[in-house]
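Chemist: pasting the sequence and the predicted coordinates here, then a few questions.
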Amino acid sequence: MDFPCFFAGKVTSAVILLDVCSEVNAVDLVRDTPLHLALRANHAYDIAVQLTSTLLRYGASPTLLGRDDDMPIDVAKQTYQDYCLELLEDALEIPQPLTQLCKISVRRQLAYHLESISELPLPLTLKTFIKSAV
């Protein structure tokens, strides 16, 4: 996982990376997740909200502990990012939709076998869903 793109606020790079890598909750050498890094960088409002919402949409856990035994919500409080704090609080209260969980699972299992999906004996609707998940 290319952690610097989250700290540097490179939203487009982060999306590309998340599309090909299923480890949205991977940790760096000091135990920070991409969500921790995005919040610790204290980006401008629009970048912080885009990164936070993107990471949450890809399945980032708002409850994993980072380098200071803090959750992302704690980092948002420490860095006065009220705009991200609301997103994180919502993520804690609202369970992830089944579609999102399915996409994460599909991405983990099939990310490197995209060319084989069209050969599977599945309904077209399901093939389309799988391709959109990875």
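Modeler: Arrived safely. Quick caveat, the model's predicted, so the values are computed rather than measured.
Chemist: my guess is residue 39 contacts residue 82. True?
Modeler: No - judged on Cβ atoms under 8 Å, residue 39 makes no contact with residue 82 at a distance of 11.9 Å. Where you see a C-beta, it was placed from the backbone N, CA and C, and this is true even at glycine.
Chemist: which one of the two is surrounded by more residues?
Modeler: residue 39 (31 against 10; other Cβ atoms under 10 Å).
Chemist: what distance do you get for residue 106 to residue 59?
Modeler: 12 Å (Cβ to Cβ, to the nearest Å).
Chemist: what of residue 118?
Modeler: From residue 118 to residue 59 the distance is 25 Å (Cβ to Cβ).
Chemist: between those two, which has more neighbouring residues?
Modeler: Just comparing residue 118 and residue 59: by other Cβ under 10 Å the higher neighbour count belongs to residue 59, 19 against 11.
Chemist: you'd agree the more buried one is up against residue 24?
Modeler: Yes - applying Cβ under 8 Å, one finds residue 59 in contact with residue 24, separated by 5.1 Å.
Chemist: residues that sit against both of those two, list them.
Modeler: residue 104 (Cβ atoms under 8 Å, 6 or more residues apart in numbering).
Chemist: just the element for the residue positioned nearest the centre of the chain, please.
Modeler: The centroid of the chain falls nearest to residue 55 when counting by Cα atoms, centre = their mean (2.7 Å). Residue 55 belongs to helix 45-57 when elements are defined using DSSP states H and E.
Chemist: skipping adjacent residues, who's closest to the residue nearest to the centre of the chain in space?
Modeler: residue 35 (4.8 Å; Cβ to Cβ, 6 or more residues apart in numbering).
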